[in-house]
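Q: got a structure for you, letters missing:
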């Protein structure tokens, strides 16, 4: 039986096509129109410095610091590498556990696994889609214990070395509650801000960019992000010691010298190439334009979908500022199986019509290689994962 509102959803999406109703509409595309992309990339090529050293890397890092108000920025090859490096800086070791949300891109969990540690899954909250600080606190009250001043999971015996919440689809989570949990249990916070460039916490006296309230933050510049370096990411922090160590380790831990190759620890070759930074710098110059367009697109979606039954545009209910990276639609039918069926029909019909909608990720604890990992009671994550669909969100879809 066909979902009765599928044609209304397709027609709403058709309004984004303007005059060409045959054009495919992707989820989120980069746009280099009227930018300095070709100019900067040509400058980089002509300089001969296209790899992990060059002026554009320095310029890109400086521009990120200026925009986010971070004191330090270290450019790396991608967001996953950035998360792995940041976790290493926080002291995550083999067989440790890192507390992460059940709903995120798999890279969040994989970065933990790359260090030989174990992702420990926590439920999310409805109002932000981020890790629920109450569920986190309850889980730690249940399984946390200190041994000689070090936090352990008393069920597994493993050390719990970090908490890694995610700003899902660019929507900031409630950092203040996480800070209270962090202080109580003496556990560092790494913010997965991969999707959150241009998203801000609202504090009592100021606004703070996502990634700068915890100990470290990581932003991604993959091809589908608001701005892209092709592939790439950055660590941002206000902690000088973390920044210096990140820069050193990510550059093969090489001691600076005009010609000698001396390394004082095991490092990684993680630094962003100059040519990627050149592309990213051209995009950063357009960031405010993109953010304004995405806000308009978000508001247009709310208007387009306001009269369609059993669906709603997800709108975070905290006071922070979202970059609206991916606008999300939620199927609201009380019957979860009916909501799943409706979602499947909409995805099938929209893809047939050229709208490349994407369902929310499967909850991480349901993936076969993470099904036996430690986790708290998960209910909201499974419910919302079954109901959410990401809509086309490229900034150039709006005039």
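A: Happy to help now that I have it. Computed from a predicted model, the values in this text were never measured in an experiment.
Q: what's the helix or strand hosting residue 178 packed up against?
A: Assessed by DSSP states H and E, residue 178 sits inside helix 175-185. On a contact count with 3 or more Cβ pairs under 8 Å, 6 or more residues apart in numbering; DSSP states H and E, helix 175-185 meets helix 133-143, strand 160-163. C-beta here means a position set from N, CA and C on the backbone, and glycine is covered the same way.
Q: pLDDT below threshold where in the stretch 151-300 of the chain?
A: In the predicted model, the stretch 151-300 of the chain carries no residue with pLDDT under 70.
Q: those helices in it, which residues are they?
A: In the stretch 151-300 of the chain, the segments counted as helices under DSSP state H, counting those that start in this stretch are 175-185, 240-249, 274-284, 287-305.
Q: got the contact list for the third one?
A: Judged by Cβ atoms under 8 Å, 6 or more residues apart in numbering, the contacts made with helix 274-284 from elsewhere in the structure are 30, 32, 35-37, 39-41, 43-45, 47, 49-57, 59-61, 63-64, 67, 75, 221, 227-232.
Q: ok, now with 6 Å
A: 35-37, 40-41, 44, 49-50, 54, 56-57, 59-60, 63, 221, 227, 229-230, 232 (Cβ atoms under 6 Å, 6 or more residues apart in numbering).
Q: how about the last one?
A: With Cβ under 6 Å, 6+ apart as the contact definition, helix 287-305 has outside contacts at 12, 198, 226, 227, 311, 313, 323, 324, 327, 395, 397, 398.
Q: which phi and psi does the last one have?
A: So that's residue 398. Main-chain dihedrals, residue 398, degrees, to the nearest 10: phi -110, psi 140.
Q: any idea how the protein splits into domains?
A: Here the domain parsing of the chain from automatic domain parsing is 6-33+287-397, 37-284.
Q: present the ones you listed as a markdown table; the columns should include mean neighbour count.
A: Formatted as a markdown table, those follow (neighbours: other Cβ atoms under 10 Å):
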| stretch | mean neighbour count |
| --- | --- |
| domain 6-33+287-397 | 17 |
| domain 37-284 | 20 |
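Q: which of the contacts of helix 274-284 fall within helices?
A: 37, 40, 41, 44, 56, 57, 59, 60, 63 (DSSP state H).
Q: measure the nearest residue to the fourth one once chain neighbours are set aside to residue 338 for me?
A: Read it as residue 44. Nearest residue to residue 44 in three dimensions, chain neighbours excluded: residue 278, at 4.2 Å (Cβ to Cβ, 6 or more residues apart in numbering). Using Cβ to Cβ, to the nearest Å, residue 278 is found at 50 Å from residue 338.
Q: what does residue 50 give?
A: From residue 50 over to residue 338 (counting by Cβ to Cβ), the distance is 53 Å.
Q: try residue 18
A: For residue 18, the distance to residue 338 - Cβ to Cβ - is 34 Å.
Q: and residue 122, what does it touch?
A: Applying Cβ under 6 Å, 6+ apart, we find residue 122 in contact with 99, 101, 131, 135, 136, 139, 376.
Q: let's go with 8 Å and repeat that
A: 99, 100, 101, 102, 131, 132, 135, 136, 139, 375, 376, 378.
Q: pipe those into a markdown table and attach distance to residue 167 per row.
A: Converted to a markdown table, these look like this (distance: Cβ to Cβ, whole Å):
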| residue | distance to residue 167 |
| --- | --- |
| 99 | 16 |
| 100 | 13 |
| 101 | 10 |
| 102 | 15 |
| 131 | 10 |
| 132 | 14 |
| 135 | 17 |
| 136 | 15 |
| 139 | 20 |
| 375 | 21 |
| 376 | 20 |
| 378 | 19 |
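Q: tell me which of those residues is nearest to residue 208?
A: Residue 208 has its nearest neighbour among these in residue 131, at 18.3 Å by Cβ to Cβ.
Q: surely the closest one and residue 120 touch.
A: No: counting by Cβ atoms under 8 Å, residue 131 does not reach residue 120; the two are 11.2 Å apart.
Q: need the residues touching each of those two.
A: Common neighbours of residue 131 and residue 120 (Cβ under 8 Å, 6+ apart) are 99, 100.
Q: among the helices of the stretch 151-300 of the chain, which comes closest to residue 364?
A: Short answer: helix 175-185, nearest of the helices of the stretch 151-300 of the chain by Cβ to Cβ, at 18.8 Å.
Q: which residues does the helix holding residue 178 contact?
A: For helix 175-185, the external contacting residues (Cβ under 8 Å, 6+ apart) are 131, 133-134, 136-137, 140, 144, 151, 160, 163, 165, 187-189, 191, 201, 213-214.
Q: returning to what we had before: of the contacts of helix 287-305, closest to residue 239?
A: residue 198 (22.4 Å).
Q: which ones are touching the nearest residue to that closest one once chain neighbours are set aside?
A: Take residue 198 and drop its neighbours on the chain: the residue closest to it by Cβ to Cβ, 6+ apart is residue 323, 3.6 Å away. Residue 323 makes contact with 170, 195, 196, 197, 198, 199, 226, 291, 294, according to Cβ under 8 Å, 6+ apart.
Q: ok, residue 80 touching residue 113?
A: No: here residue 80 does not reach residue 113: they are 10.7 Å apart, not a contact under Cβ under 8 Å.
Q: turn the contacts of helix 287-305 into a markdown table, columns for distance to residue 283.
A: Shown next, in a markdown table, are the contacts of helix 287-305 (distance: Cβ to Cβ, whole Å):
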| residue | distance to residue 283 |
| --- | --- |
| 12 | 29 |
| 198 | 12 |
| 226 | 8 |
| 227 | 4 |
| 311 | 32 |
| 313 | 26 |
| 323 | 14 |
| 324 | 17 |
| 327 | 20 |
| 395 | 11 |
| 397 | 17 |
| 398 | 18 |
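Q: what's near enough to touch residue 210?
A: 167, 172, 191, 193, 196, 199, 200, 201, 217.
Q: and what of residue 254?
A: With contact taken as Cβ under 8 Å, 6+ apart, residue 254 is in contact with 261, 262, 263, 267.
Q: thank you kindly, that will do.
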